[in-house]
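Student: Just need the structure, nothing else, for what follows:
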Amino acid sequence: MSGLITILDGGMGRELLRRGAPFRQPEWSALALMEAPAVVGQVHDAFIDAGAEVITTNSYALVPFHIGSETFASRGLELARLAGRLARASADKSPGPARVAGSLPPLFGSYQPELFDEIQAPAIIGPLVEGLSPYVDLWLAETLSSVAEVRVVADALQGDARPRWFSFTLEEDGSGAGGERRVRLRSGESIEQAVEAAMEAGASALLFNCSQAEVMEAAIGRARAVLDAGRLSLRLGVYANSFVPQEKEQVANEGLSTLRDDLDTAAYLAFGESWKKAGADIIGGCCGIGPEHIQALARALGGDRPSRSSEY
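Tutor: Residues are numbered from 1 along each chain as shown. Alright, predicted model coming up:
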């Protein structure tokens, strides 16, 4: 690694809520895209001003699980295009370098690998790829719970030469034998299997997201060990959420998850420094992590690339 950290943005949904945009379940962040797209652009701008070098399209909730099958069929492609266009506009007017990551979300609901349907998946991911494609610099398949989801993304991106980043969400259920933290995908599959799937899919980066900050260091350390043992080259990254610990049987997005009150900018930066030490060179934030957290990361870990705002 060069020692430089690529700084990602933070969580779109909770920042929309904080700014007063239309926001409810089940539409989640898609509601602002439909009713207040200007606020989506404002959030992109805020994260760029805070120091983010990669912003993610607001396409996470553009799936039938959130907006319903009828709306997806009639407006999915249109909304994906809008999400891409808004992110591109913010990146293009940035005074510094900013890239756009096209978010390819879990297609059947977050944290629920048992609902994944490999037969139905192409009909959902297809319009997202088509709509976002003119606007993105790289692809970010995020909050993946199983390796089966990686294969569907790889098929959908066949022939696309842009970088592919695959990001997995992790179980949060404590430690294994001897006090060592057990870390695995929500499907129960191992970090080794995640690395293998990402490599086979042509990944340029493997990340972990939308999980507790406390589990990320072990995941990065394990991924780094697997890569080193196989003499494999893959960038590693982290963007944790700020949710209170989730019950294993809880369905994500049933309601607004409570945010923890102990993950301020200093605490999140301390985690970021530990992730860097473990081998991550891509760091940002997920749900509940705002521009102020990203600014702290950018100032401390972004080398000679200071954030462009003192607002936060």
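Student: Confirm Ala223 sits in a helix?
Tutor: Yes. Ala223: assigned to a helix according to DSSP: H, G, I helix; E, B strand; the rest coil.
Student: That one: how many residues sit nearby?
Tutor: 27 (other Cβ atoms under 10 Å). Any C-beta I mention is one placed from the backbone N, CA and C, and that applies to glycine too.
Student: For it, give its distance to Ala91.
Tutor: 28 Å (Cβ to Cβ, to the nearest Å).
Student: can you check Pro26 too?
Tutor: Pro26 sits at a distance of 29 Å from Ala91 (criterion: Cβ to Cβ).
Student: ditto for Ser29
Tutor: With the distance defined as Cβ to Cβ, Ser29 ends up 18 Å from Ala91.
Student: And Ala32, by the same measure?
Tutor: 19 Å.
Student: ditto for Gln212
Tutor: Gln212 is 30 Å from Ala91, by Cβ to Cβ.
Student: Kindly report the same for Val183.
Tutor: With Cβ to Cβ as the criterion, Val183 and Ala91 are 33 Å apart.
Student: Look at Gln212 and Ala91 and report which has more neighbours.
Tutor: More crowded of Gln212 and Ala91, by other Cβ under 10 Å: Ala91, with 23 against 19.
Student: And that one, which helix or strand is it part of?
Tutor: Per DSSP states H and E: Ala91 is located in helix 69-92.
Student: What about Ser74, how many residues nearby?
Tutor: What Ser74 shows, counting by other Cβ under 10 Å, is a neighbour count of 12.
Student: try Arg164
Tutor: As a burial measure, Arg164 scores 21 neighbours (other Cβ under 10 Å).
Student: ok, now Arg88?
Tutor: Residues lying near Arg88 (other Cβ under 10 Å) number 20.
Student: now do the one 10 residues further on
Tutor: Neighbourhood size, Ala98 [other Cβ under 10 Å]: 21.
Student: How about Pro113?
Tutor: 20.
Student: got it, and Leu227?
Tutor: 18.
Student: For Val238, see how far away it is.
Tutor: Separation of Leu227 from Val238 (Cβ to Cβ): 15 Å.
Student: swap in Ala32?
Tutor: Taking Cβ to Cβ, one finds Ala32 at 26 Å from Val238.
Student: Repeat that for Tyr268.
Tutor: For Tyr268, the distance to Val238 - Cβ to Cβ - is 11 Å.
Student: Identify the contacts common to these two.
Tutor: Counting by Cβ atoms under 8 Å, 6 or more residues apart in numbering, Tyr268 and Val238 have no contacts in common.
Student: So the two - more neighbours on which side?
Tutor: Val238 (30 against 24).
Student: surely that one meets Met216?
Tutor: Yes. With contact defined as Cβ atoms under 8 Å, Val238 and Met216 form a contacting pair (4.7 Å).
Student: shared neighbours, the two?
Tutor: Residues touching both Val238 and Met216 (Cβ under 8 Å, 6+ apart): Phe208, Trp275.
Student: and Pro122, how many neighbours does it have?
Tutor: 13.
Student: And for Arg85?
Tutor: With other Cβ under 10 Å as criterion, Arg85 counts 17.
Student: So that it lines up with my notes, have the first residue be 5 from now on.
Tutor: I'll keep to 5 as the first residue from here, and by that count the last item is Arg89.
Student: wait, what's in contact with it?
Tutor: The contact partners of Arg89, by Cβ under 8 Å, 6+ apart, come to Tyr139.
Student: gap between it and Ile298?
Tutor: 22 Å.
Student: do Leu231 as well
Tutor: Leu231 sits at a distance of 26 Å from Ile298 (criterion: Cβ to Cβ).
Student: for Asn245, same thing?
Tutor: Relative to Ile298, and taking Cβ to Cβ, Asn245 is found at 14 Å.
Student: Pull up the overlap in contacts between those two.
Tutor: Gly289.
Student: Could you confirm Glu118 falls within a helix?
Tutor: Yes. Assessed by three-state DSSP, Glu118 belongs to a helix.
Student: burial count for it?
Tutor: Using other Cβ under 10 Å, Glu118 has 11 other residues around it.
Student: Then the one 5 residues further on?
Tutor: One way to gauge burial is a neighbour count; for Ile123, by other Cβ under 10 Å, it gives 6.
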